[in-house]
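Colleague: pasting the structure only:
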Ligand code: MG
């Protein structure tokens, strides 16, 4: 097994604003696992608020020795090995996990979604995120998002109503809202949620601080709209804690350390009666195709990463009627931009 990797700076089409940060590019590690004559591709997206960067990722990768693993790979053991090397580091662990699944798919001549018994017919539509901007720019972005059946909006500053009205003036599609912990007063939040409900908002991510368990639970109890925990739910152990606090959870492979644990989180959430939104960070087609392989098992999808970037090094995923289209290609189904078969 040969592991190679290179840093990559993924540039965004527009500066991306959420309630606490605005950024224009995201550092990635693109990673390859070569085994026999096959190569699996993985990706770590290191958004700054998660605390990883190319230096921490490189330091982690220097400790990794995969020579003990042979096909058929046991992903439970692979992930336990990575977690034993060092705690945390879910972004770079996800890159290794994703590359393993791509490799396994190629070795076993199977698309990744079939490994998880995901039915492409059950693929939910993917929302398209409009970052916070001036109302004029929000209009322009909404027009560009015409191929998407749902729009997701980042709120949580002081102009929430203005932004919703700007979006509503150009589109009537259902809306998802992400407050990114930006709301502080629970009664004001609930009043706002009722107003958003009237505006066609179908779910709201992380309305209040992730540590405000009582505040989020109170909103969930009283909200006419589904309340989803995102920042509050990182890895498997957090799923159980979300019960009674949120209607559902947002699973992202960069939080769950990849597909193995992301899949376990989805199954656990279903067992607990929680809904599941599968999301992404600023990512290329590589990590979002990995999430798309699990998306048919989820209630909602928010996998717009590659569509928001300027320099995706791979072809954009196949997309029709607002949904990812899963094909028969082995592994992730990743294709390079020049058509060269990976
Ligand atoms: Mg979110």
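Modeller: Thanks, I have the structure now. What you see is a predicted model, and the numbers here were worked out from it, not measured in a lab.

Colleague: CA atoms for contacts and neighbours, from now on please.
Modeller: Noted.

Colleague: return the distance of the longest helix along the chain from the chain's centre.
Modeller: Taking DSSP state H as the criterion, the chain has its longest helix at helix 90-108. Once both centres are worked out by C-alpha atoms, centre = their mean, to the nearest Å, helix 90-108 turns out to sit 16 Å from its chain's centre.

Colleague: check contacts around the nearest residue to residue 183 once chain neighbours are set aside.
Modeller: Spatially, and ignoring its direct neighbours in sequence, residue 183 is nearest to residue 208 (5.1 Å; C-alpha to C-alpha, 6 or more residues apart in numbering). By C-alpha atoms under 8 Å, 6 or more residues apart in numbering, the residues touching residue 208 are 179-184, 186, 215-216.

Colleague: mean confidence for the longest helix of the chain?
Modeller: The average pLDDT for helix 90-108 rounds to 98.

Colleague: give me the residues contacting the helix or strand following that helix.
Modeller: Using DSSP states H and E, the helix or strand that follows helix 90-108 in sequence is helix 112-115. Residues outside helix 112-115 that contact it (C-alpha under 8 Å, 6+ apart): 101-102, 105, 119-120, 290, 292-294, 326, 330-332.

Colleague: buried stuff in helix 112-115?
Modeller: Neighbour-count burial for helix 112-115 flags 112-114 (criterion: 16 or more other C-alpha atoms under 10 Å).

Colleague: go on, stretch 218-226?
Modeller: Neighbour counts using 16+ other C-alpha under 10 Å place 218-220, 223-226 of stretch 218-226 among the buried residues.

Colleague: which ones among these lie within strands?
Modeller: Among these, the members falling in strands (DSSP state E) are residue 226.

Colleague: got the buried residues of stretch 218-226 as CSV, with distance to residue 268 columns?
Modeller: Formatted as CSV, the buried residues of stretch 218-226 follow (distance: C-alpha to C-alpha, whole Å):
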residue, distance to residue 268
218, 23
219, 23
220, 19
223, 23
224, 24
225, 22
226, 18
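
Colleague: make JSON lines from the buried residues of stretch 218-226 and add pLDDT and distance to residue 13 to it.
Modeller: JSON lines is the format used below for the buried residues of stretch 218-226 (pLDDT from 0 to 100; distance: C-alpha to C-alpha, whole Å):
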{"residue": "218", "pLDDT": "98", "distance to residue 13": "37"}
{"residue": "219", "pLDDT": "98", "distance to residue 13": "34"}
{"residue": "220", "pLDDT": "98", "distance to residue 13": "34"}
{"residue": "223", "pLDDT": "98", "distance to residue 13": "34"}
{"residue": "224", "pLDDT": "98", "distance to residue 13": "34"}
{"residue": "225", "pLDDT": "98", "distance to residue 13": "30"}
{"residue": "226", "pLDDT": "98", "distance to residue 13": "30"}
